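1. Next input, structure requested:
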Amino acid sequence: MTRKDQASPVEPATTATVTVKGAGQQRGKSRALYTADQRVRRDESVWTIVQGVLAPLQFLVFLISLGLVLRTLTTGEGAYAADVSIVIKTLVLYTIMVTGSIWEKVVFGKWLFAESFFWEDVFSMLVLALHTLYLVLLLGNYGTLEQRLLVALAGYGAYVINAGQFLWKLRMARLEGSTIGQAVAA
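-> Residues are numbered from 1 along each chain as shown. This next block holds a predicted model:
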């Protein structure tokens, strides 16, 4: 990014270059999401396919559950269905987290918090904590129905942000892949 700095209205402007660091950048240099070896492991792993199936399934379960939770909060009806849907969403979440951890181990050599997905994993822990808190409230019969459903909604909000993080990384990986493909073709 270039900007013009002017010390006073009568002095000429000077041009300064400012380096803006973003996700995946270190000291002004862009860092690839995957090394060549990691990309091969990712592409050959059955866990990549498992994640590709579970992610849209979890989103579908989320949408159905969100509708049931909002219905219960607005009308007071369908509390049992809302609770069942949140439990199912939580079980799918646990499943995708366990299989995602295995995927991360296969691809990056770490069960969690690999550099390329560090912040996604951190936020995933918040999502897990909120969903687990919901289960504690439900199974321990703590709080009111409304409080329990509001915790579920907080978990769902965190899930949406986390899903956005992963979609962004998927986009980055695709762009990286097409850049690598263009470089190989040239």
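
2. mind checking how far the residue nearest the centre of the chain is from residue 132?
-> The structure's the chain has its C-alpha centroid closest to residue 162; by Cα atoms, centre = their mean the separation is 2.8 Å. In this view, residue 162 and residue 132 are 15 Å apart by Cβ to Cβ, to the nearest Å. In short, each C-beta sits where N, CA and C put it, glycine included.

3. gap between stretch 159-167 and the chain center?
-> Mean-position distance between stretch 159-167 and its chain equals 3 Å (Cα atoms, centre = their mean, to the nearest Å).

4. Show me what the mean pLDDT comes to for the longest helix that the chain contains.
-> Assignment by DSSP state H gives helix 145-185 as the longest helix of the chain. Throughout helix 145-185, pLDDT has a mean value of 84.

5. swap in stretch 118-128?
-> On average, the pLDDT along stretch 118-128 is 92.

6. ok, residues contacting it?
-> For stretch 118-128, the external contacting residues (Cβ atoms under 8 Å, 6 or more residues apart in numbering) are 23, 93-94, 97, 100, 104, 112-114, 155, 158-159, 161-162, 165-166, 169.

7. Quick one, which of these are buried?
-> Buried members of the contacts of stretch 118-128, scored by 16 or more other Cβ atoms under 10 Å, are 93, 97, 100, 104, 112-114, 155, 158-159, 162, 165-166, 169.

8. In TSV: those residues, plus distance to residue 84.
-> Shown next, in TSV, are the buried ones among the contacts of stretch 118-128 (distance: Cβ to Cβ, whole Å):
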residue	distance to residue 84
93	15
97	20
100	24
104	30
112	29
113	33
114	34
155	16
158	21
159	18
162	23
165	28
166	26
169	31
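
9. Looking at those residues, which one is closest to residue 72?
-> Checking the buried ones among the contacts of stretch 118-128 against residue 72 with Cβ to Cβ, the nearest one is residue 155 at 15.3 Å.

10. Please name the nearest non-neighbouring residue to the closest one.
-> residue 130 (3.4 Å; Cβ to Cβ, 6 or more residues apart in numbering).

11. burial measure for the one you found, as a count.
-> For residue 130, the count of nearby residues is 20 (other Cβ atoms under 10 Å).

12. got it, and residue 146?
-> Using other Cβ under 10 Å as the criterion, residue 146 is surrounded by 12 other residues.

13. One more: residue 106?
-> For residue 106, the neighbour count with other Cβ under 10 Å is 16.

14. try the one 5 residues further on
-> Burial of residue 111 is recorded as 12 neighbouring residues (other Cβ under 10 Å).

15. so it is in which element?
-> Assessed by DSSP states H and E, residue 111 sits outside every helix and strand.

16. That one and residue 101 touch, don't they?
-> Yes - with contact defined as Cβ atoms under 8 Å, residue 111 counts as touching residue 101 (5.0 Å).
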